[in-house]
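curious how this folds, go ahead:
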Amino acid sequence: MAEITNLNRYRKAQKRAEARRQADANAARFGRPKAEREAEAARQDRASRTLDQHRIAPEGDADDR
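This next block holds a predicted model:
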């Protein structure tokens, strides 16, 4: 005798597999590894701190002394 197959379970498994394939494709297309994201955040933080450390004196401030 043939084994009984639950069609609802089969459909759900197919739908999950398709969703997984789509998610993998999106991750490959748009995603970046965690290390790359953290490195970019560190670069931006370092650039922001460097920029904040450079103070622009108002015009005429040095002449008043």
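
going forward, measure contacts and count neighbours with C-alpha atoms only.
Fine.

which other helices and strands does the biggest helix by length in the chain contact?
Looking across the chain with DSSP state H, the single longest helix is helix 7-30. Judged by 3 or more Cα pairs under 8 Å, 6 or more residues apart in numbering; DSSP states H and E, helix 7-30 is in contact with no other helix or strand.

how far out from the middle of the chain is it?
Computed by Cα atoms, centre = their mean, to the nearest Å, the chain-centroid distance of helix 7-30 equals 21 Å.

for it, what is the average pLDDT?
Helix 7-30 carries an average pLDDT of 95.

how near is A39 to N26?
Counting by Cα to Cα, to the nearest Å, the gap from A39 to N26 is 22 Å.

please apply the same query to M1.
Applying Cα to Cα to M1 and N26 gives a distance of 43 Å.

more crowded one of these two?
Per other Cα atoms under 10 Å, whichever of M1 and N26 has more neighbours is N26, with 11 against 3.

against A19, how distant is that one?
10 Å.

before we move on, what about Q53?
To A19, Q53 is 48 Å away according to Cα to Cα.

more crowded one of the two?
Using other Cα under 10 Å, the more surrounded residue of Q53 and A19 is A19, with 12 against 9.

buried set for stretch 13-28?
The neighbour-count check on stretch 13-28 (16 or more other Cα atoms under 10 Å) flags nothing as buried.

same check on stretch 35-53?
Buried, per 16+ other Cα under 10 Å, within stretch 35-53: nothing.

pull the distance from it to the chain's centre.
15 Å.
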